[in-house]
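> I'd like to go over a predicted model; first the sequence, then the structure.
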Amino acid sequence: MKLKEECGLFAIYSQSTEIADALQLGLFALQHRGQEAAGFAISDGRELRCYKDLGLIQDVFARGNVKLLRGHIGIAHTRYSTHGESARQENAQPFILKREGRWIALAHNGNLSNAAQLREELEEEGVYFNSTSDTESLLHLYVRARGTNPQQRWRALAAKVLGAYSVVMIDGDKLIAVRDPFGFRPLVLGRRGNDYCIASETAAFDILGAELIREIEPGEILVIDRDGLHSARLGLERPRRQCVFELIYFARPDSTLFGHNVYEFRKRCGARLAEKETHEIDIVVPVPDSGLPAALGYSRRLNKPLEFGLIRSHYIGRSFIEPYQESRIHKVRMKLLPLRDVLQDRRVALVDDSIVRGTTSRAIVHVLREFGAKEVHLRIASPPIIAPCYFGIDMPTREELVASSRAIPEITRFLGADSVVYLSVEELRQCVKDAESFCTACFTARYPEGSLPAEHPALEYLLPK
């Protein structure tokens, strides 16, 4: 898929200069959020060292000799396709520059919905870009914003940008974290002894033995320096619209996100899905690995055996994450190994968390039949995706989404299944606390007011004719 972005952020402010291991381990816990590129920046408050490249975290950090670097402030980033082109080294993060004698480094998870306009304005002001990433625009906007401190600069910057941004950055001797007013992308604050940590998910704290303090709130600017924590507001108050797809798919099941235990949430979705079952089912088979919690909830509610009819090879990247659609079907056949003895002559409920294009699901249904399944009933623990995400999730164009222009019977035929059942939007809302605080635009095509520029193409088919 050639799309927007989903990335992982980790940062640390320490009383020690030995932060390299913690920086690498914290980001390593977020490898699932992107596999194209990684990078880090480490500062002692005066000098800053940055390295970024294509590849997995452990390989990039090894090439960058991170263990040899000293500093007490660090940020790190792992990515796949951002707003810029896929698989280009110059789009890797963090982005850095020197301004008025101090180093600034910035990494970003999200997507600016008015990125094209911002870039054009910056170019007219003489800014030269080294990448196609909207994160570079954020950095230039920050250094050009009016203000004598980070809080003032971010307030000025926030008045210009639309969309999703969770940010970690180094400005001189300060570590800064910012979350957009809607709170689309997650960002959490933790503590390990006297060190402060910031991450996209709580799983990054667990690997370090750090303790979760709280979420960084939507619209919050958090500055950490030698005097401690300093919290301020962007000055733009918006209704909270955190991304429900983080809970459905992206987050690790052992994370706590938006006040939800991700694993328990996915089990609830599976159990709610099972309440809709009208077919005779012999076994429940999860699509590994992300479909497993939902399948567990589904099987328990129906009192049907959960069987591992597909075994995943963990040496092939997640097909949703990989940037190029052409290789996807081939990778499905390489990474999902069917068990004939489990599938033979069984009526299978195949449970997955979501369907996007449908190419992966179609290939899996074909493989299950090839290995003896008598019937394949596809059960999806989320609603049909009918509209693209413009706030940082890897989604295709509306035309490429399997559910955008097809009714359920047509989707069933396209996928080659005996039946297909999704959760409805209302049923999904029943599985979360404070349902109004979640963005469900990919399921409803109703984008949060004020999140897109007026001329955005997504609004064309939403406006009354």
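It's in. Numbering: from 1, shown residues only.
> tell me the domain ranges of the chain?
Domain assignment for the chain by automatic domain parsing gives 7-238, 264-458.
> for those domains, which one sits closest to residue 252?
Checking those against residue 252 by CB to CB gives domain 7-238 as the closest, at 4.5 Å. To be clear about C-beta, it is placed using only N, CA and C from the backbone, and glycine gets the same treatment.
> for the residue of the chain positioned farthest from its centre, which non-adjacent residue is spatially closest?
Distance from the C-alpha centroid of the chain, by CA atoms, centre = their mean, peaks at residue 345 (38.0 Å). Using CB to CB, 6 or more residues apart in numbering and skipping the chain neighbours, the partner closest in space to residue 345 is residue 374 (5.1 Å).
> so what's the residue count around that neighbour?
14 (other CB atoms under 10 Å).
> quick one: it from residue 308, how far?
Shown here: residue 374 relative to residue 308, a distance of 18 Å by CB to CB, to the nearest Å.
> still on that earlier bit, dump the domains of the chain to JSON lines, plus mean pLDDT.
Listed next are those as JSON lines, based on pLDDT from 0 to 100:
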{"stretch": "domain 7-238", "mean pLDDT": "94"}
{"stretch": "domain 264-458", "mean pLDDT": "91"}
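> need these in CSV (columns: distance to residue 245).
Below are the domains of the chain laid out as CSV (distance: least, CB to CB, whole Å):
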stretch, distance to residue 245
domain 7-238, 10
domain 264-458, 5
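> winner for burial among those?
Ranked by mean neighbour count under mean count of other CB atoms under 10 Å, the domains of the chain are led by domain 7-238, which reaches a mean of 20.
> gap between that domain and the chain center?
With CA atoms, centre = their mean, to the nearest Å as the basis, domain 7-238 stands 15 Å off its chain's centre.
> before we move on, what about stretch 296-303?
Centre to centre, stretch against its chain (CA atoms, centre = their mean), the figure for stretch 296-303 is 27 Å.
> identify the residues contacting it?
Stretch 296-303 has contacts (CB atoms under 8 Å, 6 or more residues apart in numbering) with 266-275, 277, 281, 284, 286, 305-306, 349, 351, 379, 381.
> can we see that at 6 Å?
267, 270, 271, 273, 274, 284, 306, 351 (CB atoms under 6 Å, 6 or more residues apart in numbering).
> looking at those, which are in strands?
Mapping the contacts of stretch 296-303 onto strands (DSSP state E) picks out 284, 351.
> farthest-separated two in the contacts of stretch 296-303?
For the contacts of stretch 296-303, the maximum inter-member distance is 13.8 Å, found between 273 and 306 (CB to CB).
> so what secondary structure elements neighbour the lengthiest strand in the chain?
Scanning the chain for the strand with the most residues, using DSSP E, yields strand 102-112. Using 3 or more CB pairs under 6 Å, 6 or more residues apart in numbering; DSSP states H and E, the elements in contact with strand 102-112 are strand 7-13, strand 95-99, helix 134-144, strand 163-171.
> so the helix or strand just after that strand versus strand 163-171, what angle?
Next along the chain after strand 102-112, taking DSSP states H and E as the criterion, comes helix 115-124. Counting by axes from the mean of the first three to the mean of the last three CA atoms, to 10 degrees, helix 115-124 lies at 40 degrees to strand 163-171.
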